[in-house]
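1. Sequence first, predicted model second:
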Amino acid sequence: MAYISYKDVPLYFGTSANTSTLPTTTQGNNSAVFCQQVQLNYTPNIAPVRLLGKTPTRDNFNLAGPPNSSLSFSAYVSNDEFDPTDFTGDVGNLGTTFRLGDDVNGISGSGLFLTSFSYTLAPYAPVLVQCDFAIYNPLTISNPGGKIAAEGDDPINDLNFANYGHGAYSAFNGTSILSDVDTVESLQYQFSANRLPVYEIGGYNPNVVELITAEQTLQIQGDNIEALVPLTGSNPGNITIDIKNSAGATLFSTPVNGRITAENISVAGGDLARGSLTITELLK
């Protein structure tokens, strides 16, 4: 890996959240991920097996359970490519697929389910989303020992940086609802899900992946906060964040309708009341 440049490691997802078709390096059946960094962790669940009366060898291992694997990355969101909101709900028993590298030498995986994603929306700042996926199916390597290199039609090379989400163009409609916060300076959003894979005897892949719980949290940083304690516990109503690009196109939206569960407000002499409000919504 020491001689592989970041230019040779593209990341692609399947075109839908519920598919078994592996993506390729062409635009036919993939969504490019404009990621800044990626981490792939794969730990097979194997255990040593020792039998009474048998001379041990160095290869006394066998499968003891499903793999413990994950894919995490931070990425920019653009038009007609990867959208994290496609994977937040109950997407059935297939999950989605990914490919790291090209068709011949890359690493492919299936059975991915989103466990969390987050982003920060601030003025004059690009929107960088952090996504974490659990992998419940075994990984495949199309060419073991080969390099990871990009080939074919690469949409990442054609990326126009004016197309991805940016804080200067995005919109937040909660200003009128949260009338006690005069100026909203930044927003921090977090989605988290707890999923349970159910494996069936005789199969490598889970028969179904149940969505047990899901919730989202929105933290609002603002100033000139008028009401203090009375806000906690109230439901401010429907709030929507629209992540947009310079052309005004909405890349994805985040609706939140929860309760204010925490406040952090400080007041200094000669200054405005500044702080944050945390809104939590149970999705399942």
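-> Alright, I've got the coordinates. Numbering: from 1, shown residues only.
2. Just the CA trace of stretch 99-107, in PDB.
-> As requested, C-alpha coordinates have been extracted for stretch 99-107 and formatted as PDB (Å, rounded to 0.1, in the frame of the first residue of the first chain):
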ATOM      1  CA  ARG A  99     -16.200  -1.400  -4.800                       C
ATOM      2  CA  LEU A 100     -12.900   0.000  -3.700                       C
ATOM      3  CA  GLY A 101     -10.700   0.200  -6.800                       C
ATOM      4  CA  ASP A 102     -11.300  -1.000 -10.300                       C
ATOM      5  CA  ASP A 103     -13.200  -4.100 -11.700                       C
ATOM      6  CA  VAL A 104     -10.200  -6.300 -12.000                       C
ATOM      7  CA  ASN A 105      -8.000  -5.500  -9.000                       C
ATOM      8  CA  GLY A 106     -10.400  -3.900  -6.600                       C
ATOM      9  CA  ILE A 107     -12.000  -5.100  -3.400                       C
END
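3. in that stretch, what's buried?
-> By 16 or more other C-beta atoms under 10 Å, the buried positions in stretch 99-107 come out as 99-103, 105-107. In this view, the C-beta of every residue, glycine as well, is placed from N, C-alpha and C.
4. Next: stretch 10-20.
-> 10-15, 17, 19.
5. pretty sure Leu139 is touching Ser69, no?
-> Yes. Distance between Leu139 and Ser69: 6.7 Å, which falls inside the contact criterion (C-beta atoms under 8 Å).
6. Among those two, which residue is more densely surrounded?
-> When Leu139 and Ser69 are compared on other C-beta atoms under 10 Å, the one with more neighbours turns out to be Ser69, at 21 against 18.
7. give the contact list for that one.
-> 40-43, 109, 134-136, 139 (C-beta atoms under 8 Å, 6 or more residues apart in numbering).
8. element containing it?
-> When elements are defined using DSSP states H and E, Ser69 is found to belong to strand 68-76.
9. my guess is Ser110 contacts Thr21, does it?
-> No. Counting by C-beta under 8 Å, Ser110 stays clear of Thr21, with 9.0 Å between them.
10. thought Val38 was touching Val9?
-> Yes. Val38 sits in contact with Val9 when judged by C-beta under 8 Å, with a separation of 7.4 Å.
11. Give the residues shared as contacts by those two.
-> Taking C-beta under 8 Å, 6+ apart as the contact criterion, the residues that touch both Val38 and Val9 are Leu100.
12. I'd guessed Ser246 sits against Tyr169; true?
-> Yes. A contact is recorded between Ser246 and Tyr169 when judged using C-beta under 8 Å, the distance being 5.5 Å.
13. In terms of neighbours, single out the busier of the two.
-> In this view Ser246 and Tyr169 are compared by other C-beta under 10 Å, and Tyr169 has more residues nearby, 18 against 14.
14. Leaving out the residues flanking it, which one is nearest to the more buried one?
-> What sits nearest to Tyr169 in space, not counting adjacent residues and going by C-beta to C-beta, 6 or more residues apart in numbering, is Lys244, at 4.5 Å.
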